[in-house]
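> Mind folding the following:
(chains A, B, C and D)
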2 protein chains.
Amino acid sequence: MTGLRARQKADRNRRILDAAALLFREVGYDSARIEDIAERAEVSVGTFYNYYENKGDILVATVSMEVEEVLAAGRTIVDNPPSSVEGALEALIGQYYDHSLVYLSKEMWRTAMAISIQQPKSPFSKRYTELDRRLCDQVATLIHKLQVKGLVTPGTDVRAVGEMLFNNLNLMFIEFAKDEAMPLDELKARVTRQNRPLATLIAAP
Amino acid sequence: MTGLRARQKADRNRRILDAAALLFREVGYDSARIEDIAERAEVSVGTFYNYYENKGDILVATVSMEVEEVLAAGRTIVDNPPSSVEGALEALIGQYYDHSLVYLSKEMWRTAMAISIQQPKSPFSKRYTELDRRLCDQVATLIHKLQVKGLVTPGTDVRAVGEMLFNNLNLMFIEFAKDEAMPLDELKARVTRQNRPLATLIAAP
DNA sequence: AAAAAAGATTGAATGAATTCATTTTTTAAG
DNA sequence: CTTAAAAAATGAATTCATTCAATCTTTTTT
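Numbering: from 1, shown residues only, chains lettered A, B, ... in the order given. As a prediction, the model looks like this:
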(Lines give C-alpha, C1' and ligand atoms only; values in the text may rest on other atoms or scores of the structure.)
Protein backbone atom coordinates (compact mmCIF):
# COMPACT_ATOMS: atom_id res chain seq x y z
CA MET A 1 0.00 0.00 0.00
CA THR A 2 0.93 3.68 -0.41
CA GLY A 3 3.07 5.01 2.44
CA LEU A 4 1.64 7.70 4.68
CA ARG A 5 4.27 10.13 3.51
CA ALA A 6 3.35 9.71 -0.15
CA ARG A 7 -0.35 10.11 0.58
CA GLN A 8 0.17 13.27 2.61
CA LYS A 9 2.36 14.65 -0.11
CA ALA A 10 -0.21 14.10 -2.83
CA ASP A 11 -2.88 15.57 -0.58
CA ARG A 12 -0.95 18.69 0.25
CA ASN A 13 -0.03 19.13 -3.36
CA ARG A 14 -3.67 19.03 -4.39
CA ARG A 15 -4.71 21.41 -1.63
CA ILE A 16 -2.09 23.92 -2.71
CA LEU A 17 -2.98 23.65 -6.38
CA ASP A 18 -6.71 23.98 -5.70
CA ALA A 19 -6.22 26.91 -3.37
CA ALA A 20 -4.04 28.69 -5.89
CA ALA A 21 -6.29 28.08 -8.87
CA LEU A 22 -9.27 29.36 -6.91
CA LEU A 23 -7.52 32.42 -5.58
CA PHE A 24 -6.09 33.33 -8.99
CA ARG A 25 -9.58 33.21 -10.41
CA GLU A 26 -10.98 35.26 -7.53
CA VAL A 27 -8.46 38.07 -7.32
CA GLY A 28 -6.11 37.62 -10.28
CA TYR A 29 -2.53 36.47 -10.30
CA ASP A 30 -0.79 39.57 -9.00
CA SER A 31 -3.08 40.12 -6.04
CA ALA A 32 -2.94 36.53 -4.89
CA ARG A 33 -0.38 36.34 -2.09
CA ILE A 34 1.61 33.20 -1.36
CA GLU A 35 0.74 33.67 2.27
CA ASP A 36 -2.97 33.46 1.43
CA ILE A 37 -2.56 30.47 -0.85
CA ALA A 38 -0.62 28.71 1.89
CA GLU A 39 -3.22 29.60 4.49
CA ARG A 40 -6.11 28.27 2.41
CA ALA A 41 -4.17 25.11 1.67
CA GLU A 42 -3.45 24.79 5.39
CA VAL A 43 0.29 24.63 4.97
CA SER A 44 3.06 27.07 5.80
CA VAL A 45 4.67 29.40 3.32
CA GLY A 46 7.83 27.31 3.50
CA THR A 47 5.91 24.20 2.54
CA PHE A 48 4.48 25.95 -0.46
CA TYR A 49 8.04 26.43 -1.64
CA ASN A 50 8.79 22.76 -1.13
CA TYR A 51 6.12 21.97 -3.68
CA TYR A 52 6.55 24.79 -6.18
CA GLU A 53 9.73 26.62 -7.03
CA ASN A 54 8.07 30.00 -7.13
CA LYS A 55 4.80 31.78 -7.59
CA GLY A 56 4.88 31.55 -11.35
CA ASP A 57 5.34 27.82 -11.26
CA ILE A 58 1.98 27.19 -9.74
CA LEU A 59 0.23 29.38 -12.26
CA VAL A 60 1.86 27.49 -15.09
CA ALA A 61 0.70 24.31 -13.40
CA THR A 62 -2.93 25.44 -13.42
CA VAL A 63 -2.67 26.62 -17.01
CA SER A 64 -1.21 23.29 -18.01
CA MET A 65 -4.31 21.52 -16.78
CA GLU A 66 -6.31 23.75 -19.08
CA VAL A 67 -4.10 22.95 -22.06
CA GLU A 68 -4.66 19.26 -21.42
CA GLU A 69 -8.35 19.89 -21.94
CA VAL A 70 -7.70 21.85 -25.09
CA LEU A 71 -5.72 18.90 -26.42
CA ALA A 72 -8.52 16.51 -25.59
CA ALA A 73 -11.03 18.76 -27.33
CA GLY A 74 -8.78 18.90 -30.39
CA ARG A 75 -8.69 15.13 -30.58
CA THR A 76 -12.40 14.97 -31.41
CA ILE A 77 -11.78 17.16 -34.45
CA VAL A 78 -8.70 15.29 -35.60
CA ASP A 79 -10.54 11.99 -35.31
CA ASN A 80 -13.32 13.19 -37.56
CA PRO A 81 -12.19 16.21 -39.55
CA PRO A 82 -14.31 18.27 -41.96
CA SER A 83 -13.47 17.35 -45.52
CA SER A 84 -11.69 20.47 -46.72
CA VAL A 85 -8.32 21.76 -45.64
CA GLU A 86 -9.63 25.16 -44.74
CA GLY A 87 -12.67 23.78 -42.96
CA ALA A 88 -10.67 21.29 -40.96
CA LEU A 89 -8.17 23.92 -39.85
CA GLU A 90 -10.91 26.33 -38.94
CA ALA A 91 -12.64 23.68 -36.85
CA LEU A 92 -9.52 22.60 -34.98
CA ILE A 93 -8.23 26.09 -34.32
CA GLY A 94 -11.68 27.36 -33.40
CA GLN A 95 -11.92 24.54 -30.88
CA TYR A 96 -8.59 25.54 -29.36
CA TYR A 97 -9.53 29.17 -29.05
CA ASP A 98 -13.01 28.52 -27.70
CA HIS A 99 -11.68 26.35 -24.92
CA SER A 100 -8.93 28.73 -23.96
CA LEU A 101 -11.05 31.23 -22.08
CA VAL A 102 -13.35 28.88 -20.20
CA TYR A 103 -11.39 28.89 -16.97
CA LEU A 104 -8.56 31.31 -17.58
CA SER A 105 -8.55 35.05 -18.07
CA LYS A 106 -6.34 36.79 -20.60
CA GLU A 107 -4.28 38.08 -17.71
CA MET A 108 -3.61 34.56 -16.48
CA TRP A 109 -2.63 33.41 -19.95
CA ARG A 110 -0.29 36.35 -20.37
CA THR A 111 1.40 35.66 -17.08
CA ALA A 112 1.73 31.95 -17.77
CA MET A 113 3.15 32.48 -21.24
CA ALA A 114 5.53 35.10 -19.93
CA ILE A 115 6.81 32.77 -17.23
CA SER A 116 7.26 29.85 -19.56
CA ILE A 117 9.43 32.08 -21.75
CA GLN A 118 11.36 33.68 -18.93
CA GLN A 119 12.15 30.60 -16.83
CA PRO A 120 12.17 27.79 -19.35
CA LYS A 121 14.08 25.53 -16.98
CA SER A 122 11.49 25.34 -14.22
CA PRO A 123 9.67 21.99 -14.18
CA PHE A 124 6.25 23.35 -14.96
CA SER A 125 7.53 25.53 -17.76
CA LYS A 126 8.97 22.40 -19.30
CA ARG A 127 5.60 20.77 -18.97
CA TYR A 128 3.94 23.74 -20.64
CA THR A 129 6.43 23.64 -23.49
CA GLU A 130 5.82 19.93 -23.84
CA LEU A 131 2.09 20.58 -24.14
CA ASP A 132 2.74 23.13 -26.85
CA ARG A 133 4.70 20.50 -28.68
CA ARG A 134 1.77 18.13 -28.47
CA LEU A 135 -0.59 20.78 -29.80
CA CYS A 136 1.80 21.30 -32.69
CA ASP A 137 1.82 17.56 -33.31
CA GLN A 138 -1.94 17.58 -33.34
CA VAL A 139 -2.02 20.16 -36.11
CA ALA A 140 0.54 18.18 -38.09
CA THR A 141 -1.48 15.01 -37.54
CA LEU A 142 -4.57 16.72 -38.89
CA ILE A 143 -2.76 17.74 -42.06
CA HIS A 144 -1.38 14.24 -42.38
CA LYS A 145 -4.82 12.68 -42.09
CA LEU A 146 -6.10 15.02 -44.77
CA GLN A 147 -3.20 13.99 -46.95
CA VAL A 148 -3.99 10.31 -46.47
CA LYS A 149 -7.59 11.08 -47.41
CA GLY A 150 -6.33 12.64 -50.63
CA LEU A 151 -7.32 16.18 -49.65
CA VAL A 152 -3.74 17.44 -49.46
CA THR A 153 -1.25 17.27 -52.33
CA PRO A 154 1.03 14.25 -51.98
CA GLY A 155 4.64 15.23 -51.41
CA THR A 156 3.71 18.14 -49.15
CA ASP A 157 6.09 18.44 -46.17
CA VAL A 158 3.39 17.85 -43.60
CA ARG A 159 5.63 18.51 -40.62
CA ALA A 160 6.82 21.85 -41.96
CA VAL A 161 3.31 22.97 -42.83
CA GLY A 162 1.97 21.85 -39.47
CA GLU A 163 4.65 23.72 -37.60
CA MET A 164 4.09 26.90 -39.53
CA LEU A 165 0.34 26.76 -38.99
CA PHE A 166 0.79 26.06 -35.30
CA ASN A 167 3.38 28.76 -34.74
CA ASN A 168 1.08 31.20 -36.43
CA LEU A 169 -1.99 30.29 -34.40
CA ASN A 170 0.10 30.34 -31.26
CA LEU A 171 1.59 33.77 -31.84
CA MET A 172 -1.83 35.11 -32.78
CA PHE A 173 -3.11 33.83 -29.46
CA ILE A 174 -0.38 35.79 -27.73
CA GLU A 175 -1.50 38.91 -29.59
CA PHE A 176 -5.05 38.18 -28.55
CA ALA A 177 -4.08 37.82 -24.88
CA LYS A 178 -2.11 41.06 -25.03
CA ASP A 179 -5.10 43.01 -26.28
CA GLU A 180 -7.96 43.04 -23.78
CA ALA A 181 -10.17 44.65 -26.40
CA MET A 182 -9.82 41.97 -29.07
CA PRO A 183 -12.81 39.60 -29.21
CA LEU A 184 -12.48 35.90 -30.02
CA ASP A 185 -14.21 36.38 -33.35
CA GLU A 186 -11.63 38.85 -34.53
CA LEU A 187 -8.84 36.46 -33.58
CA LYS A 188 -10.49 33.65 -35.50
CA ALA A 189 -11.15 35.81 -38.54
CA ARG A 190 -7.58 37.01 -38.72
CA VAL A 191 -6.12 33.53 -38.39
CA THR A 192 -8.51 32.17 -40.99
CA ARG A 193 -7.34 34.81 -43.42
CA GLN A 194 -3.71 34.08 -42.65
CA ASN A 195 -4.25 30.36 -43.15
CA ARG A 196 -6.11 30.68 -46.42
CA PRO A 197 -3.17 31.02 -48.83
CA LEU A 198 -1.34 28.00 -47.47
CA ALA A 199 -4.53 26.00 -47.04
CA THR A 200 -5.59 26.67 -50.61
CA LEU A 201 -2.18 25.94 -52.07
CA ILE A 202 -1.70 22.59 -50.38
CA ALA A 203 -5.25 21.44 -51.19
CA ALA A 204 -5.21 18.59 -53.72
CA PRO A 205 -6.75 19.68 -57.03
CA MET B 1 17.73 77.48 -26.67
CA THR B 2 17.08 74.35 -24.65
CA GLY B 3 16.12 75.05 -21.06
CA LEU B 4 18.35 73.80 -18.26
CA ARG B 5 15.61 71.51 -17.05
CA ALA B 6 15.20 69.78 -20.41
CA ARG B 7 18.94 69.32 -20.75
CA GLN B 8 19.28 67.81 -17.30
CA LYS B 9 16.39 65.52 -18.03
CA ALA B 10 17.89 64.19 -21.24
CA ASP B 11 21.22 63.77 -19.52
CA ARG B 12 19.82 61.85 -16.59
CA ASN B 13 17.78 59.69 -18.89
CA ARG B 14 20.86 58.73 -20.86
CA ARG B 15 22.86 58.03 -17.73
CA ILE B 16 20.16 55.74 -16.40
CA LEU B 17 19.78 53.90 -19.69
CA ASP B 18 23.52 53.45 -20.11
CA ALA B 19 24.00 52.29 -16.56
CA ALA B 20 21.19 49.77 -16.90
CA ALA B 21 22.30 48.39 -20.25
CA LEU B 22 25.82 47.95 -18.92
CA LEU B 23 24.76 46.31 -15.69
CA PHE B 24 22.32 43.98 -17.43
CA ARG B 25 25.13 42.81 -19.66
CA GLU B 26 27.51 42.44 -16.73
CA VAL B 27 25.38 40.56 -14.24
CA GLY B 28 22.16 39.68 -16.08
CA TYR B 29 18.73 41.16 -15.62
CA ASP B 30 17.67 39.51 -12.38
CA SER B 31 20.83 40.29 -10.48
CA ALA B 32 20.90 43.92 -11.51
CA ARG B 33 19.40 45.90 -8.65
CA ILE B 34 17.61 49.19 -9.18
CA GLU B 35 19.68 50.61 -6.36
CA ASP B 36 22.85 49.80 -8.27
CA ILE B 37 21.57 51.16 -11.55
CA ALA B 38 20.59 54.37 -9.77
CA GLU B 39 23.93 54.63 -8.04
CA ARG B 40 25.88 54.23 -11.28
CA ALA B 41 23.66 56.76 -12.97
CA GLU B 42 24.21 59.11 -10.03
CA VAL B 43 20.55 59.55 -9.28
CA SER B 44 18.36 58.35 -6.46
CA VAL B 45 16.12 55.31 -6.64
CA GLY B 46 13.11 57.59 -6.66
CA THR B 47 14.41 59.41 -9.70
CA PHE B 48 14.85 56.14 -11.53
CA TYR B 49 11.13 55.64 -11.12
CA ASN B 50 10.39 59.08 -12.48
CA TYR B 51 12.02 58.02 -15.73
CA TYR B 52 10.91 54.39 -16.00
CA GLU B 53 7.73 52.83 -14.68
CA ASN B 54 9.42 49.70 -13.45
CA LYS B 55 12.47 47.53 -13.82
CA GLY B 56 11.15 45.71 -16.86
CA ASP B 57 10.53 48.92 -18.67
CA ILE B 58 14.16 49.82 -18.88
CA LEU B 59 15.11 46.43 -20.24
CA VAL B 60 12.52 46.70 -22.94
CA ALA B 61 13.96 50.14 -23.72
CA THR B 62 17.43 48.70 -24.30
CA VAL B 63 16.03 45.86 -26.37
CA SER B 64 14.06 48.32 -28.47
CA MET B 65 17.27 50.04 -29.50
CA GLU B 66 18.51 46.68 -30.72
CA VAL B 67 15.36 45.98 -32.71
CA GLU B 68 15.73 49.34 -34.44
CA GLU B 69 19.09 48.13 -35.71
CA VAL B 70 17.60 44.85 -36.85
CA LEU B 71 15.00 46.80 -38.81
CA ALA B 72 17.67 48.93 -40.43
CA ALA B 73 19.66 45.84 -41.37
CA GLY B 74 16.53 44.30 -42.88
CA ARG B 75 16.00 47.34 -45.05
CA THR B 76 19.18 46.65 -47.00
CA ILE B 77 17.81 43.24 -47.95
CA VAL B 78 14.35 44.49 -48.84
CA ASP B 79 15.84 47.21 -51.01
CA ASN B 80 17.84 44.71 -53.01
CA PRO B 81 16.42 41.22 -52.55
CA PRO B 82 17.81 37.96 -53.99
CA SER B 83 15.75 36.87 -56.96
CA SER B 84 14.00 33.82 -55.58
CA VAL B 85 11.31 33.68 -52.94
CA GLU B 86 13.19 31.22 -50.81
CA GLY B 87 16.50 33.00 -51.19
CA ALA B 88 15.01 36.38 -50.35
CA LEU B 89 13.31 35.06 -47.24
CA GLU B 90 16.42 33.27 -46.12
CA ALA B 91 18.48 36.43 -46.55
CA LEU B 92 16.06 38.66 -44.65
CA ILE B 93 15.42 36.27 -41.81
CA GLY B 94 19.08 35.35 -41.54
CA GLN B 95 19.86 39.04 -41.23
CA TYR B 96 17.33 39.38 -38.40
CA TYR B 97 18.68 36.42 -36.49
CA ASP B 98 22.33 37.33 -36.97
CA HIS B 99 21.79 40.79 -35.57
CA SER B 100 19.78 39.61 -32.60
CA LEU B 101 22.62 38.37 -30.43
CA VAL B 102 25.17 41.12 -31.03
CA TYR B 103 24.37 43.07 -27.89
CA LEU B 104 21.77 40.99 -26.11
CA SER B 105 21.94 37.60 -24.44
CA LYS B 106 19.21 35.03 -24.78
CA GLU B 107 18.30 35.71 -21.16
CA MET B 108 17.74 39.38 -21.90
CA TRP B 109 15.59 38.57 -24.91
CA ARG B 110 13.54 36.13 -22.88
CA THR B 111 12.94 38.68 -20.17
CA ALA B 112 12.07 41.42 -22.64
CA MET B 113 9.64 39.23 -24.54
CA ALA B 114 8.09 38.02 -21.30
CA ILE B 115 7.55 41.58 -20.11
CA SER B 116 6.06 42.74 -23.38
CA ILE B 117 3.53 39.92 -23.07
CA GLN B 118 2.81 40.34 -19.39
CA GLN B 119 2.45 44.11 -19.19
CA PRO B 120 1.33 45.11 -22.66
CA LYS B 121 0.09 48.48 -21.44
CA SER B 122 3.40 49.88 -20.25
CA PRO B 123 4.85 52.49 -22.60
CA PHE B 124 7.93 50.56 -23.57
CA SER B 125 6.00 47.35 -24.13
CA LYS B 126 3.86 49.28 -26.56
CA ARG B 127 7.00 50.44 -28.29
CA TYR B 128 8.27 46.88 -28.50
CA THR B 129 4.98 45.69 -29.96
CA GLU B 130 5.11 48.53 -32.45
CA LEU B 131 8.59 47.42 -33.55
CA ASP B 132 7.31 43.89 -34.04
CA ARG B 133 4.61 45.31 -36.25
CA ARG B 134 7.20 47.09 -38.33
CA LEU B 135 9.22 43.90 -38.70
CA CYS B 136 6.08 42.16 -39.85
CA ASP B 137 5.48 44.94 -42.36
CA GLN B 138 9.00 44.52 -43.62
CA VAL B 139 8.41 40.85 -44.39
CA ALA B 140 5.15 41.69 -46.14
CA THR B 141 6.92 44.42 -48.10
CA LEU B 142 9.53 41.94 -49.25
CA ILE B 143 6.88 39.55 -50.54
CA HIS B 144 5.13 42.43 -52.22
CA LYS B 145 8.31 43.52 -53.99
CA LEU B 146 8.85 39.98 -55.18
CA GLN B 147 5.31 39.96 -56.49
CA VAL B 148 5.84 43.19 -58.38
CA LYS B 149 8.99 41.67 -59.88
CA GLY B 150 6.92 38.74 -61.11
CA LEU B 151 8.50 36.22 -58.74
CA VAL B 152 5.33 35.66 -56.72
CA THR B 153 2.04 34.50 -58.22
CA PRO B 154 -0.31 37.44 -58.85
CA GLY B 155 -3.39 37.29 -56.67
CA THR B 156 -1.48 36.00 -53.68
CA ASP B 157 -2.69 37.62 -50.44
CA VAL B 158 0.63 39.25 -49.65
CA ARG B 159 -0.45 40.54 -46.29
CA ALA B 160 -1.66 37.15 -45.09
CA VAL B 161 1.46 35.39 -46.29
CA GLY B 162 3.72 38.02 -44.76
CA GLU B 163 2.00 37.75 -41.41
CA MET B 164 2.22 34.00 -41.36
CA LEU B 165 5.91 34.03 -42.24
CA PHE B 166 6.62 36.67 -39.63
CA ASN B 167 4.65 34.99 -36.88
CA ASN B 168 6.50 31.79 -37.61
CA LEU B 169 9.95 33.35 -37.53
CA ASN B 170 9.01 35.24 -34.41
CA LEU B 171 7.78 32.21 -32.50
CA MET B 172 10.82 30.23 -33.60
CA PHE B 173 12.98 32.99 -32.18
CA ILE B 174 11.18 32.58 -28.87
CA GLU B 175 11.95 28.84 -28.97
CA PHE B 176 15.54 29.67 -29.72
CA ALA B 177 15.79 32.08 -26.79
CA LYS B 178 14.23 29.49 -24.49
CA ASP B 179 16.81 26.89 -25.36
CA GLU B 180 20.32 27.94 -24.35
CA ALA B 181 21.72 24.96 -26.22
CA MET B 182 20.23 25.76 -29.63
CA PRO B 183 22.76 27.36 -32.01
CA LEU B 184 21.83 30.03 -34.54
CA ASP B 185 22.40 27.62 -37.42
CA GLU B 186 19.83 25.20 -36.14
CA LEU B 187 17.29 27.98 -35.80
CA LYS B 188 17.92 29.09 -39.36
CA ALA B 189 17.76 25.58 -40.74
CA ARG B 190 14.47 24.85 -39.05
CA VAL B 191 12.86 28.06 -40.22
CA THR B 192 14.10 27.53 -43.74
CA ARG B 193 12.48 24.14 -43.80
CA GLN B 194 9.24 25.53 -42.42
CA ASN B 195 9.20 28.29 -44.99
CA ARG B 196 9.92 26.05 -47.96
CA PRO B 197 6.39 24.76 -48.67
CA LEU B 198 4.81 28.20 -48.65
CA ALA B 199 7.76 29.79 -50.46
CA THR B 200 7.64 27.17 -53.19
CA LEU B 201 3.88 27.32 -53.62
CA ILE B 202 3.65 31.09 -53.97
CA ALA B 203 6.59 31.24 -56.40
CA ALA B 204 5.43 32.25 -59.87
CA PRO B 205 5.93 29.39 -62.36
C1' DA C 1 14.78 90.77 -8.10
C1' DA C 2 11.63 88.67 -4.93
C1' DA C 3 7.77 85.59 -4.55
C1' DA C 4 4.89 82.09 -6.15
C1' DA C 5 4.12 78.10 -8.89
C1' DA C 6 5.52 74.15 -11.22
C1' DG C 7 8.49 70.41 -11.79
C1' DA C 8 11.93 67.04 -10.02
C1' DT C 9 14.68 64.70 -6.72
C1' DT C 10 15.21 62.16 -2.63
C1' DG C 11 15.62 58.11 0.50
C1' DA C 12 13.25 56.04 4.22
C1' DA C 13 9.14 53.17 4.61
C1' DT C 14 6.22 49.52 2.72
C1' DG C 15 4.93 45.08 1.16
C1' DA C 16 5.47 40.74 -0.92
C1' DA C 17 8.36 36.83 -2.68
C1' DT C 18 11.81 33.90 -1.35
C1' DT C 19 15.31 31.64 1.86
C1' DC C 20 17.12 28.78 5.46
C1' DA C 21 18.27 27.19 10.13
C1' DT C 22 15.34 24.72 13.31
C1' DT C 23 11.95 21.64 14.63
C1' DT C 24 8.75 17.97 13.74
C1' DT C 25 7.20 13.80 11.55
C1' DT C 26 7.85 9.56 9.19
C1' DT C 27 10.46 5.58 7.89
C1' DA C 28 14.01 2.06 8.42
C1' DA C 29 17.30 -0.52 11.24
C1' DG C 30 18.65 -3.16 15.14
C1' DC D 1 9.89 -1.30 20.81
C1' DT D 2 13.76 2.10 20.61
C1' DT D 3 16.63 4.70 18.19
C1' DA D 4 19.03 6.63 14.33
C1' DA D 5 18.55 8.56 9.78
C1' DA D 6 15.92 10.72 6.25
C1' DA D 7 12.39 13.65 4.70
C1' DA D 8 9.26 17.55 5.32
C1' DA D 9 7.28 21.39 7.49
C1' DT D 10 7.79 25.73 9.62
C1' DG D 11 7.88 30.86 10.04
C1' DA D 12 10.98 34.53 11.21
C1' DA D 13 14.47 36.97 8.69
C1' DT D 14 16.15 38.73 4.31
C1' DT D 15 16.00 40.89 -0.02
C1' DC D 16 14.35 43.93 -3.48
C1' DA D 17 11.05 46.43 -6.24
C1' DT D 18 8.12 50.06 -5.64
C1' DT D 19 5.82 54.19 -3.30
C1' DC D 20 5.23 58.71 -1.38
C1' DA D 21 5.57 62.71 1.69
C1' DA D 22 9.06 66.03 2.31
C1' DT D 23 12.53 68.85 0.22
C1' DC D 24 14.98 71.20 -3.24
C1' DT D 25 15.55 73.48 -8.05
C1' DT D 26 14.06 75.72 -11.97
C1' DT D 27 10.81 78.58 -14.27
C1' DT D 28 7.30 82.05 -14.46
C1' DT D 29 4.98 85.98 -12.72
C1' DT D 30 4.56 90.37 -10.72
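
> Now that A:Glu69 has come up, it's in contact with A:His99, right?
Yes. With contact defined as Cβ atoms under 8 Å, A:Glu69 counts as touching A:His99 (6.1 Å). No exception for glycine: its C-beta is placed from N, CA and C like everyone else's.

> more neighbours, those two?
A:His99 (18 against 13; other Cβ atoms under 10 Å in any protein chain shown).

> in what helix or strand does the nearest residue to the more buried one once chain neighbours are set aside lie?
Distance criterion Cβ to Cβ, 6 or more residues apart in numbering or on different chains; nearest residue to A:His99, sequence neighbours excluded, is A:Val70 at 4.7 Å. Using DSSP states H and E, A:Val70 sits within helix A:55-79.

> Not counting the helix or strand that that helix is followed by itself, show me its contacts.
Using DSSP H and E, the helix or strand that follows helix A:55-79 in sequence is helix A:85-100. Helix A:85-100 is contacted from outside by A:66, A:69-70, A:73-74, A:76-78, A:81-82, A:109, A:135, A:138-139, A:142-143, A:146, A:151-152, A:165, A:169, A:173, A:176, A:184, A:187-188, A:191-192, A:195-196, A:199-200, A:202-203, using Cβ atoms under 8 Å, 6 or more residues apart in numbering or on different chains.

> change it to 6 Å
With contacts defined as Cβ atoms under 6 Å, 6 or more residues apart in numbering or on different chains, helix A:85-100 is touched by A:70, A:73-74, A:77, A:81-82, A:142, A:146, A:151, A:169, A:184, A:188, A:191-192, A:195, A:199, A:203.

> In contact with the most centrally placed residue in chain A, which residues?
Geometric centre of chain A, nearest residue: A:Val67, 3.6 Å, by Cα atoms, centre = their mean. Applying Cβ under 6 Å, 6+ apart, we find A:Val67 in contact with A:Leu131.

> And it, how far from A:Arg110?
In this view, A:Val67 and A:Arg110 are 15 Å apart by Cβ to Cβ, to the nearest Å.

> Name the nearest residue to A:Leu92, sequence neighbours excluded.
A:Ile77 (4.6 Å).

> And chain A, what are its domain boundaries?
A:1-51, A:55-202 (automatic domain parsing).

> and the longest one, anywhere near DNA strand C?
Just to be clear, that refers to domain A:55-202. Yes. Using Cβ under 7 Å from any atom of the strand, we find that domain A:55-202 touches DNA strand C at A:55-56.

> and that domain, anywhere near DNA strand D?
No. Against DNA strand D, domain A:55-202 shows no contacts by Cβ under 7 Å from any atom of the strand, the least distance being 13.4 Å.

> And that domain, how far out from the chain middle?
Relative to its chain's centre, domain A:55-202 lies at 7 Å (Cα atoms, centre = their mean, to the nearest Å).

> still on that earlier bit, give me the number of residues near the residue nearest to A:His99?
20.

> cool, and A:Gln138?
Neighbours of A:Gln138 using other Cβ under 10 Å come to 19.

> Show the pLDDT at it.
Looking at A:Gln138, its pLDDT stands at 98.

> got a pLDDT number for A:Ile117?
At A:Ile117, pLDDT is 96.

> who's in contact with it?
B:110, B:113-114.

> now those residues as a markdown table including secondary structure?
A markdown table is the format used below for the contacts of A:Ile117 (DSSP: H, G, I helix; E, B strand; the rest coil):
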| residue | secondary structure |
| --- | --- |
| B:Arg110 | helix |
| B:Met113 | helix |
| B:Ala114 | helix |
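
> if we can go back for a sec, angle of the helix holding A:Val70 against helix A:85-100?
Helix A:55-79 runs at 140 degrees relative to helix A:85-100, counting by axes from the mean of the first three to the mean of the last three Cα atoms, to 10 degrees.

> Alongside chain B, which residues does chain A contribute?
Selection of chain A residues close to chain B by Cβ under 6 Å from any Cβ of the partner chain yields A:110-111, A:113-114, A:117-118, A:120, A:157, A:160-161, A:163-164, A:167-168, A:170-171, A:178, A:193-194, A:197-198, A:201.

> Now the buried members of those residues.
Burial by neighbour count, judged by 16 or more other Cβ atoms under 10 Å in any protein chain shown, picks out A:110-111, A:113-114, A:117-118, A:120, A:157, A:160-161, A:163-164, A:167-168, A:170-171, A:178, A:194, A:197-198, A:201 from the residues of chain A next to chain B.

> What is the helix or strand where A:Met172 lies packed up against?
Following DSSP H and E, one finds A:Met172 within helix A:158-178. On a contact count with 3 or more Cβ pairs under 6 Å, 6 or more residues apart in numbering or on different chains; DSSP states H and E, helix A:158-178 meets helix A:106-118, helix A:123-148, helix A:184-202, helix B:158-178, helix B:184-202.

> can you give me the angle it makes with helix A:184-202?
Using the same axes, to 10 degrees: helix A:158-178 against helix A:184-202 is 160 degrees.

> Do me a favour and average the pLDDT over helix A:158-178.
Averaged across helix A:158-178, the pLDDT comes to 98.

> Next: stretch A:182-189.
98.

> now what about that stretch, what contacts it?
Here stretch A:182-189 has contacts from A:94, A:97, A:176, using Cβ under 6 Å, 6+ apart.

> And stretch A:152-167, by the same measure?
A:136, A:139-140, A:143-144, A:146, A:202, A:204, B:168, B:171, B:193-194, B:197.

> Which member of these is positioned nearest DNA strand D?
DNA strand D lies nearest to B:Leu171 out of the contacts of stretch A:152-167, by Cβ to the nearest atom of the strand, at 26.7 Å.
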